[in-house]
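Q: Here is the input, now give the coordinates:
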Amino acid sequence: MEHAREDIPRGEHRGSPQPPEQSDAALELLVHGVGGATPEAMLDDPRTVRVTGDDTAAVFRRAEDVDAERKPGPARTEPVPEAYVWCNLTSGNGSRALWLLLLPFMVVNLAHWMRPTARDRARTVRLYGVVVRLVGLTLTVLLVAAACEVALDLAAWQCAGRPACAAHHSWLGFLSPTVSHGGWWSEPGRRLGLAALVPAALTGLLWYLSLRTWSAYESQQPMSRRDEPGEPDDDGSYGSDGEHTGLGRPGFWYGRRLVARLRAAHTAAGFLTIAAALTAPALRHDRGPGGPGVLALLGLLLAAAVGAGTVVLVWVVCRRGRTENRLDGELDRHLVHLLPASALAVLALALVYAGWARPGWKSFGRLQGDTAFGGITLLQGLLVVVLAGVATLLYRTDPDPRAALHGLAGPAVAMLACALGGVMSGGVAQRVADWLDGTGHAVPGPPVLLTWQASVIPPLLVVLLAVFAALALRAARLRRAETHVVDADYPHATADSARTRKIASARALATLTDQAPLVVGVVAAVTLLLGAGALVGAATTARVPGVAAQDTPPVLRGAAESAQALGSWLIGLGFILFVTWGRRAYKDASARRTIGILWDVGTFWPRAAHPFAPPCYAERAVPDLTWRMATWTARTHGRLVLSGHSQGSVLAAAAAWQLSPPVRNRVAVLTYGSPLERLYGRWFPAHFGPAALVALHREVACWRNLYRRTDPIGGPIRLSVDCGPEVDRAPLKDPLAYGRTGAHPLPAPILGHSDYQADPAFAKERAGLLKRLRPVPEPELPGPRAGEGSAEGPAQPQQPGGRLNGRHQNGGRIAPDRPGNDEPPPADGP
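A: Numbering: from 1, shown residues only. Take a look at the predicted model:
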């Protein structure tokens, strides 16, 4: 692949004078979807040139089109294609495999953006953001507590404290009082202090990953725009009149201040969790009969310091949300540095306190894991219930019948994030306990609550199987109904029952995407109920389910024992698959791209709820697209079609919202296989709801959308007819031909979500958009235009004069053809 030089002086290319750029230039800026694409495939040419960007994300052209705007000659019948390739933002090097550890954090971050649309409820909107951030904080504490359970409780306290287990694992021998013959490290407090390095290292790793991605992603500053009116501290409520989405705000894609503040709070939470795990057993010993009074007093002071630190970091998390109405360049440097440093100092004191000599102190039983995990589980359940109440209040202010779960998508997804964190924590603890307990019942094992939580997995799977069976029956009925529709869509073709069933099956399976809210809602509700039952069972019996059911009828006892055994096996299998998947992703680029599809969908949104979530790639991609469109239109005054497929259409819409109104009014949008309404409009109604999409349609020059009924991801935009020219084209035929024809001598494939450009309707709609973008010449001013730049170094966009009214612009370079203009829209257009 060739790379264009990016250090050429403005207005020059390879050192030779160039003719001026053509004022009738046309550009199609292509944005690929999930899974990534190569520039060669997007541009259908093996010789491509990078015209701007770096190895992470860049804009490419065909080698012959590098200077297309400056080449004299006959006018082109098609626009110059340009490909924006962003797939390395989510599936780059092998370190992306570590992002699998951050999966629960990514899911809870999605819950933040799923809030319903609200009217005049700024305080309730802020409360919604605060509750989600608190749920995210509990997930950090849960992950660190799981590491403490493995390292401190299972390894240092239980296994090293029992001769049989320590003898079986020689690497723990120096921690065992028996094997080491009372060595210095064999005292319980010192064992715990040494083991605390494991969760401390995990906390440090999370801090490092967040800081590294923060420097690479959140530091990409969007195009500067003047501050807009509204609330200065904002969690997503709209302060300016007529604003229908926050995606157009200057600071929406620049959340580095919030991420830095949350990173400091969550890092401090991790250190304080470890300090509490060290302090609690030592303080319990010191306050017992015959315990040293001075150490007991110091332990109480240390516990008070942990409590005070917890109050401070909770206040930091709750104090304020995102600032979106301006580019917030402040970083709260004192808070960012002092909060984790203070928590680390408390942890150091806890290490000294726990490691102090205590003759006669011996480890037995378990640490207080049940109390810790029980408190976290109870708090998460209460927060999810509160979040559901807040979401219901917001939804009632502006009901949207298309919104997923009637506005409860955010609480449901937050519940799934908590369940996912619990499964990961329990899986690690269970597997490590089984590994250490190789001698058989040598250690008590993980907390009883974790065993109860694993035991509810089989009942949850039974409910899931029932839901999937119902969906399969629904798809089968729909397939039978679709066979008649398929025959009507291809009236002149010779009937083929196998071909008809195949097409009907593809259409029926594509509709399953619309049932995702049902699946998520059922899983979240059942998980909440089963989790509450597990919490009550563990608290009331203090025994694992199989033992607690010994005095019950045989059927119930057998069910409890089966659920416990099967749950333990399933959670262990999940842990093994998780590790295997991560290891493969680290070594195999193709596997990393597969996992990258998950990040493509899950990391579109900024890190507003959890700083340890995988980074938001849109904070790099959206400014890239905005800069490219604004500078190209300012330099060439040409026609630009923003062409987005799948997730690329979401990036295209976000970039269009970030353009200034005059520039936005000069850009046409072509989307295909787009989830803008089908997925984003339903799951994120506050930002992609009907009002937001209608506003985008009115503010861009023109917009057309292509979709197929066999596409499980893309769908119509569903705008009402009274908001302007129609956006959706009738569903494209898929396959293009039913049987063998002269144009298709071989069987045409069912394309589904892919290869929209192969359909003749694509070129037809693109030509219609270009025809509606009509160049408006202006007299050339003497001397060079201010801000003019080269293709490699474009300057800031010029703001055209004149008045912008709705969708029409006077005095600009491009005027969209509307009914009533000099030229009617094309016959095939809306």
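Q: Pro662 - how many residues pack around it?
A: 21 (other Cβ atoms under 10 Å). From N, CA and C alone the C-beta is placed, and that goes for glycine too.
Q: Next: Ala388.
A: So Ala388, with other Cβ under 10 Å, has 21 neighbours.
Q: now do Ala767
A: Quick note: Ala767 (other Cβ under 10 Å) scores 17 neighbours.
Q: Tell me who's in contact with the residue lying closest to Gly572 once chain neighbours are set aside.
A: Excluding its sequence neighbours, the residue lying closest to Gly572 (Cβ to Cβ, 6 or more residues apart in numbering) is Arg431, at 5.4 Å. Listed by Cβ atoms under 8 Å, 6 or more residues apart in numbering, the contact partners of Arg431 are Gly572, Phe575, Ile576.
Q: could you say which helix or strand contains the nearest residue to Gly299 once chain neighbours are set aside?
A: Nearest residue to Gly299 in three dimensions, chain neighbours excluded: Leu283, at 3.6 Å (Cβ to Cβ, 6+ apart). Assigned by DSSP states H and E, Leu283 belongs to helix 256-286.
Q: From the contact counts, what lies against the helix or strand just after that helix?
A: Under the assignment DSSP H and E, the closest C-terminal helix or strand after helix 256-286 is helix 293-319. Counting contacts by 3 or more Cβ pairs under 8 Å, 6 or more residues apart in numbering; DSSP states H and E, helix 293-319 packs against helix 122-148, helix 256-286, helix 333-355.
Q: Can you mark which positions in the shortest one are buried?
A: The one in question is helix 333-355. 335-336, 339-340, 342-344, 346-347, 349-351, 353-355 (16 or more other Cβ atoms under 10 Å).
Q: okay but Trp657 is in contact with Thr245, surely?
A: Yes - judged on Cβ atoms under 8 Å, Trp657 makes contact with Thr245 at a distance of 6.6 Å.
Q: ok, Gln658 touching Leu247?
A: Yes - between Gln658 and Leu247 there is a contact under Cβ under 8 Å: 7.4 Å.
Q: which one of these two has more residues nearby?
A: More crowded of Gln658 and Leu247, by other Cβ under 10 Å: Gln658, with 25 against 22.
Q: how far away is the more buried one from Glu699?
A: Distance check for Gln658 against Glu699: by Cβ to Cβ, to the nearest Å, it reads 12 Å.
Q: ok so, going back, please name every helix or strand in contact with the helix holding Leu283.
A: Here helix 256-286 touches helix 122-148, helix 188-195, helix 197-213, helix 293-319, helix 333-355, going by 3+ Cβ pairs under 8 Å, 6+ apart.
Q: show me what contacts the residue nearest to Gly299?
A: Counting by Cβ under 8 Å, 6+ apart, Leu283 touches Ala296, Gly299, Leu300, Leu302, Ala303.
Q: For the first one, give me the pLDDT.
A: Model confidence at Ala296, expressed as pLDDT, equals 92.
Q: Remind me which helix or strand the residue nearest to Gly572 belongs to.
A: According to DSSP H and E, Arg431 maps onto helix 409-436.
Q: Tell me what angle that helix forms with helix 122-148.
A: 10 degrees (axes from the mean of the first three to the mean of the last three Cα atoms, to 10 degrees).
Q: same question for helix 409-436, mean pLDDT?
A: In the prediction, helix 409-436 has an average pLDDT of 92.
Q: again, but for stretch 714-726
A: pLDDT averaged over stretch 714-726 gives 82.
Q: What are the buried residues along the helix holding Leu283?
A: 256-283, 285-286.
Q: Tell me, how many residues neighbour Gly572?
A: Counted with other Cβ under 10 Å, Gly572 comes out at 16.
Q: Likewise for Ala466?
A: Ala466 is flanked by 11 other residues according to other Cβ under 10 Å.
Q: Filter the contacts of Leu283 down to the buried ones, PyMOL style.
A: The PyMOL command for the buried members of the contacts of Leu283 (criterion: 16+ other Cβ under 10 Å) is given here:
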select buried, resi 296+299+302+303
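Q: Looking at the contacts of Leu283, which is nearest Thr124?
A: Taking Cβ to Cβ as the measure, Thr124 lies nearest Ala303 of these, at 35.8 Å.
Q: so what pLDDT did that closest one get?
A: pLDDT recorded at Ala303 is 95.
Q: do you know how far it is from Arg287?
A: Ala303 is 11 Å from Arg287, by Cβ to Cβ.
Q: just Arg499 next, same as before
A: In terms of Cβ to Cβ, Arg499 sits 78 Å off from Arg287.
Q: what about the two, which has more around it?
A: Counted by other Cβ under 10 Å, Arg499 and Arg287 do not tie: Arg499 has more neighbours, with 18 against 15.
Q: In space, what's closest to that one - neighbours in sequence excluded?
A: In space, Arg499 comes closest to Tyr738 once its chain neighbours are excluded; the distance is 6.5 Å by Cβ to Cβ, 6+ apart.
Q: Now the one you found: phi and psi?
A: When read as degrees, to the nearest 10, the backbone of Tyr738 gives phi -70, psi -50.
Q: try Leu670
A: Backbone torsions of Leu670, given as degrees, to the nearest 10, read phi -130, psi 120.
Q: do Gly53 as well
A: phi 110, psi -170.
Q: I'd guessed it sits against Pro623; true?
A: No - under the criterion of Cβ under 8 Å, Gly53 makes no contact with Pro623, lying 11.7 Å away.
Q: Check which residues of stretch 189-202 are buried.
A: Within stretch 189-202, the residues scored as buried using 16+ other Cβ under 10 Å are Gly189, Arg190, Arg191, Leu192, Gly193, Leu194, Ala195, Ala196, Val198, Pro199, Ala200, Leu202.
Q: Stretch 756-764 too?
A: Buried-residue list, stretch 756-764, by 16+ other Cβ under 10 Å: Tyr756, Gln757, Asp759, Ala761, Phe762.
Q: Compute the number of surrounding residues for Trp315.
A: Residues near Trp315, counting by other Cβ under 10 Å, number 10.
Q: same question, Leu206
A: Look at Leu206: counted by other Cβ under 10 Å, it has 23 neighbours.
Q: What distance do you get for it to Pro614?
A: In this view, Leu206 and Pro614 are 12 Å apart by Cβ to Cβ.
Q: What of Leu197?
A: For Leu197, the distance to Pro614 - Cβ to Cβ - is 26 Å.
Q: How about Ser186?
A: 41 Å.
Q: Who has more neighbours out of these two?
A: Ranked by neighbour count (other Cβ under 10 Å), Ser186 and Pro614 place Pro614 first, with 26 against 21.
Q: So what touches stretch 677-697?
A: The contact list for stretch 677-697, computed with Cβ under 8 Å, 6+ apart, reads 113-118, 236, 244-247, 400, 402-404, 407, 409, 513-514, 517, 650, 653, 656-657, 669, 676, 703, 713-720, 723-724, 727.
Q: What about Gly33, how many residues nearby?
A: For Gly33, the neighbour count with other Cβ under 10 Å is 25.
Q: contacting residues for it?
A: The contact partners of Gly33, taken as Cβ under 8 Å, 6+ apart, are Asp600, Gly644, His645, Ser646, Gln647, Gly648, Ser649, Gly673.
Q: And the nearest residue to it once chain neighbours are set aside, its phi and psi?
A: Nearest non-adjacent residue to Gly33, counting by Cβ to Cβ, 6+ apart: Ser646, 2.5 Å away. Ser646 adopts backbone torsions of phi 60, psi -120, taken as degrees, to the nearest 10.
Q: got the contact list for Ser646?
A: His32, Gly33, Val34, Gly673, Ser674, Pro675, Ile713, Gly714, His753.
Q: okay, now the fifth one: neighbour count?
A: Which is Ser674. Neighbours of Ser674 (other Cβ under 10 Å): 31.
Q: secondary structure class for it?
A: State at Ser674, reduced to three classes by DSSP: H, G, I helix; E, B strand; the rest coil: coil.
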